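In: just the structure for this:
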Amino acid sequence: MTKILFKQGNYTIVEAEGDEQLSPVADKLLALSLEGGAKHISLFGGSTVFKLFAYLEKSGLAEKINWQNLHLWWNDERLVDYSSSESNYGELNRRYLSKLNIPAENIHPIKGLTDKELEYTYVIAEINRMVSLVKELIPANEQGIPSFDLIILGIGDDGHTASLFPAVFELDEDDLYVPAFHPLTMQPRISQSLQLINAAKEINFVASGEAKAKVLGQVVESIVGLLLLQEVVNDKNFDIYQIVREKFGNNEVLVHVGLKNQTTMYLDSAAAKEINVAALEKVQSTLK
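Out: Numbers count the residues shown, from 1 in each chain. As a prediction, the model looks like this:
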């Protein structure tokens, strides 16, 4: 059963279980592939992306998608060799991508790091390579920023997305890709920046599991408040992200993502269990 918990403008929060959580995202991939021309998709890491591709396989959508038209990118990557089980691209390629009829030139992973390479030098060079590549291949929006057709993001138990972690990510980063690290393990990574993510035509979040419930209960309340403020002001020149920066700083990540985009958050019931649904319904009724 699918339930819309909240919808305001272009931002929608949906609760769904199992295949119903994944099917709308899978259907978007199919639709984009059939529109004609190159479409650029940025994928998330973690275990849920495997569930998405498993669904594509078992539903038969993997055979219907015109992979010739889809270009696959990644939100972030750990700086490990592709042979490592910790590589977002490496694991997805071994499990699913290698079985699909997708041209090699349509796959654009962030390159990992071998033990022989100097980390800092490598990170800067790889960031520069990725920035050049997205600028070359992806059409820019009115602000001159490459605009993905769809970015699919996961949500960590601590509220991070991509490799943008609370309290350590840079708010006003001008680069399209940024160096990052896990705040506990200090594992180095490369991540798409807020600027690049927020330039996407559409953003989908997909999150499952009770471990994410607490942070989602808190952040959804904040997001709804920001969306209502944006609605009340009703001025195309109003910069909601300036309010976000002043109120939240870099202590929360998700409030900085997707407020002006076509954004949908797909949550299972475990992840959504601490969202105050009654309060959302009350807010929704006052807007009608």
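
In: so where is the stretch 101-250 of the chain shaky, pLDDT-wise?
Out: 114-118 (pLDDT under 70).

In: hey, where'd the strands end up in it?
Out: 150-153, 177-181, 188-192, 202-207 (DSSP state E, counting those that start in this stretch).

In: what sits up against the shortest one?
Out: Contacts to strand 150-153, defined as Cβ atoms under 8 Å, 6 or more residues apart in numbering, come from residues 25, 28-29, 32, 39-44, 49, 52, 75, 161-162, 192, 197, 200-206, 257. Placement of C-beta: from N, CA and C, glycine included.

In: ok, the residue nearest the centre of the chain to residue 112 distance?
Out: With distances taken as Cα atoms, centre = their mean, residue 153 lies nearest the centre of the chain, 2.2 Å away. Distance of residue 153 to residue 112, given as Cβ to Cβ, to the nearest Å: 21 Å.

In: can you check residue 85 too?
Out: For residue 85 relative to residue 112 (Cβ to Cβ), the value is 12 Å.

In: between those two, tell me which one has more neighbours.
Out: residue 112 (22 against 8; other Cβ atoms under 10 Å).

In: residue contacts, residue 74?
Out: 42, 43, 44, 45, 88, 89, 108, 109, 110.

In: quick one: which of those residues sit in helices?
Out: With helices taken from DSSP state H, the overlap with the contacts of residue 74 comprises 88, 89.

In: closest to residue 143 out of the contacts of residue 74?
Out: For the contacts of residue 74, the closest approach to residue 143 (Cβ to Cβ) belongs to residue 42, at 17.8 Å.

In: from what I see, that closest one and residue 191 are in contact.
Out: No: the pair residue 42 / residue 191 is not scored as a contact, 11.0 Å apart, by Cβ atoms under 8 Å.

In: distance of the spatially closest residue to residue 5 that is not a sequence neighbour relative to residue 278?
Out: Nearest residue to residue 5, sequence neighbours excluded (Cβ to Cβ, 6 or more residues apart in numbering): residue 13, at 4.5 Å. Going from residue 13 to residue 278 by Cβ to Cβ gives 14 Å.

In: check residue 179 too.
Out: Applying Cβ to Cβ to residue 179 and residue 278 gives a distance of 42 Å.

In: ok, those two, which is more surrounded?
Out: residue 179 (19 against 8).

In: bridged to that one, which residues?
Out: residue 190 (DSSP bridges).
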